[in-house]
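**Student:** quick one, fold the following:
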Amino acid sequence: MRETWRWFGPADQVSLDDVAQAGAGGVVTSLHHVAVGDVWTPGEIAARQALIREQGAHLPVSLEWEVVESLPVSEDIKRQTGPWRDHVEAYKTSLTHLAEAGIRTVCYNFMPLLDWTRTDLAYAVPTKATCMRFDLIDFAMFDLYLLKRPGAEDSFPAEVIEVARQRFMDADDGAKQALVRNIICGLPGGNDELTLEDIRGHLEAYKPYDHSALCRHQSDFLEQVVPHAQSLGLRLCCHPDDPPFSLMGLPRIMSTEADYARLVAAVDLPANGITLCSGSLGARGDNDLPGIMRRLGAHVHFLHLRNVALEHDETIGSFHEAEHLAGSVDMPALIAAVLDEEKRRTSEGREDNSIPFRPDHGQDILDDLSRRAQPGYPAIGRLKGLAELRGVIAGLTYANLQESV
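**Tutor:** Now for the predicted structure:
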């Protein structure tokens, strides 16, 4: 398993020095400043590579841009509106430039409008660490009484609506504004300038599209980009919905094992693959992460290893980010399945027999609490998670070696 670390570019409060000290030589990043739908030019790609390499040249651990996360898919592509065909061609050109630069793994998502959604970005746990949390009641309060989305009452059980109504009545203006800011933070390019009216406009644009329409559009996209990626020797890997269920009436098509089985069957080429995010998929009580890895592992090109603590007994409900080995996902079982898949790939002579993974998210602890890094991406919390994951990997690897003696 190849250790990597997500870095958000020069403005990231967690520096490349921090990445090197964590010991993860593979950098996962993106050209966030390039507008969605535009071509990633060779010059922009080379400049980012040079920045990473030059920093690593002065450190004991050499650094290399190994995974793109993400090369974003435009909303026009998802809806097949406006210049969506031009955006597809730009996407293919960007893939060509990435391949020419020697980068082989490209993560993307097909979530309409939302990149991720949380209602609290600094939820305090008993240890006094903080983490991100999704509270179903708070989200219902936002959807019903702040956004005032038409038809929102059909998205929640009656008992959730009643509790959300009471919570809205009890909340002061500061709490309501904070909730709106937290949810806006998960929108692509989300910032304080985005208004509730803006969100309503984006939702209106998605009204004609249901689950089946979005699946068709994804398949159309894959049919155009996957063969091109295959010819370039690239591995595309689709990230799951976060959280993996419908929000604000938007269709969600990458939330379950069945969704991923459909994805890989849509274009049956090795380049068409999966980003298995244990935290995103783990937020549904009916997703079996070790089982998904064992059944679809041949198509997994990238791993996000994080944990969530489910606060419900139902399929869908509230959850918060947990320590990497302490949540609802059976992390040792998942890693065991990954190691078995890597062993199988080695026996087949696959060059991608070491799957890149990154310690995803983590709780804000110690100096993280004052660093104000990207929400969900603390330095020390992720370092702690990486250390825990290393321990599991080392233990399982040793046990496997002993069994083979």
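**Student:** quick one: the helices in the stretch 101-250 of the chain, in order.
**Tutor:** Counting by DSSP state H, counting those that start in this stretch, the stretch 101-250 of the chain has helices at residues 136-141, 158-170, 173-184, 196-205, 211-232.
**Student:** out of those helices, which gets nearest to Thr41?
**Tutor:** helix 211-232 (16.5 Å; C-beta to C-beta). C-beta here means a position set from N, CA and C on the backbone, and glycine is covered the same way.
**Student:** what mean pLDDT does the closest one get?
**Tutor:** Mean per-residue pLDDT for helix 211-232: 98.
**Student:** with stretch 383-399 instead?
**Tutor:** Rounded mean pLDDT across stretch 383-399 is 96.
**Student:** same check on stretch 126-143?
**Tutor:** Per-residue scores along stretch 126-143 average to 97.
**Student:** between the two ends of that stretch, what distance do you get?
**Tutor:** 29 Å (C-alpha to C-alpha, to the nearest Å).
**Student:** what residues are bridge-paired with the residue nearest to the spatial centre of the chain?
**Tutor:** What sits nearest the mean C-alpha location of the chain, by C-alpha atoms, centre = their mean, is His239, with 5.5 Å. His239 has these beta-bridge partners by DSSP bridges: Asn109.
**Student:** that one contacts Cys107, correct?
**Tutor:** Yes - with contact defined as C-beta atoms under 8 Å, His239 counts as touching Cys107 (5.8 Å).
**Student:** got the buried residues for the longest helix that the chain contains?
**Tutor:** Longest helix in the chain, counting residues (DSSP state H): helix 379-404. Residues 379-386, 388-389, 392-393, 396 are the ones in helix 379-404 that count as buried (16 or more other C-beta atoms under 10 Å).
**Student:** and that helix, what does it pack onto?
**Tutor:** strand 2-6, helix 16-22, helix 331-348, strand 356-359, helix 368-371 (3 or more C-beta pairs under 8 Å, 6 or more residues apart in numbering; DSSP states H and E).
**Student:** between these, which one is closest to Pro72.
**Tutor:** Of the helices and strands packed on helix 379-404, nearest to Pro72 by C-beta to C-beta is strand 2-6, at 15.0 Å.
**Student:** next, the angle from the closest one to helix 379-404.
**Tutor:** 170 degrees (axes from the mean of the first three to the mean of the last three C-alpha atoms, to 10 degrees).
**Student:** export strand 2-6 as CSV, just CAs?
**Tutor:** Extracted in CSV, the C-alpha atoms of strand 2-6 (Å, rounded to 0.1, in the frame of the first residue of the first chain):
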residue,chain,number,x,y,z
ARG,A,2,1.5,3.3,-1.2
GLU,A,3,1.3,6.1,1.4
THR,A,4,0.1,9.5,0.0
TRP,A,5,-1.2,12.8,1.5
ARG,A,6,-3.6,15.3,0.3
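**Student:** circling back: chain center to the longest helix of the chain, what's the gap?
**Tutor:** 22 Å (C-alpha atoms, centre = their mean, to the nearest Å).
**Student:** surely Ala229 and Ala271 touch.
**Tutor:** Yes - contact between Ala229 and Ala271 holds when scored by C-beta under 8 Å: they sit 4.2 Å apart.
**Student:** for those two, indicate the residue with more neighbours.
**Tutor:** Neighbours were counted for Ala229 and for Ala271 using other C-beta atoms under 10 Å; Ala229 has more, 26 against 23.
**Student:** list the contacts of that one.
**Tutor:** 95, 106, 235-236, 271-272 (C-beta atoms under 8 Å, 6 or more residues apart in numbering).
**Student:** try 10 Å
**Tutor:** 91-92, 95-96, 98-99, 104, 106, 222, 235-236, 267, 269-273 (C-beta atoms under 10 Å, 6 or more residues apart in numbering).
**Student:** pLDDT below threshold where in the stretch 151-300 of the chain?
**Tutor:** 189-193 (pLDDT under 70).
**Student:** hmm, try it at 50
**Tutor:** 190-191 (pLDDT under 50).
**Student:** what about Phe319, how many neighbours?
**Tutor:** Neighbour tally, Phe319, other C-beta under 10 Å: 25.
**Student:** check contacts around it.
**Tutor:** Counting by C-beta under 10 Å, 6+ apart, Phe319 has contacts 118, 132-136, 243, 279, 282-285, 308-312, 327-328.
**Student:** just those: which are in strands?
**Tutor:** 132-134, 308-310 (DSSP state E).
**Student:** any chance of JSON lines for these, columns distance to Leu289?
**Tutor:** Shown next, in JSON lines, are those (distance: C-beta to C-beta, whole Å):
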{"residue": "Met132", "distance to Leu289": "19"}
{"residue": "Arg133", "distance to Leu289": "20"}
{"residue": "Phe134", "distance to Leu289": "18"}
{"residue": "Val308", "distance to Leu289": "11"}
{"residue": "Ala309", "distance to Leu289": "14"}
{"residue": "Leu310", "distance to Leu289": "13"}
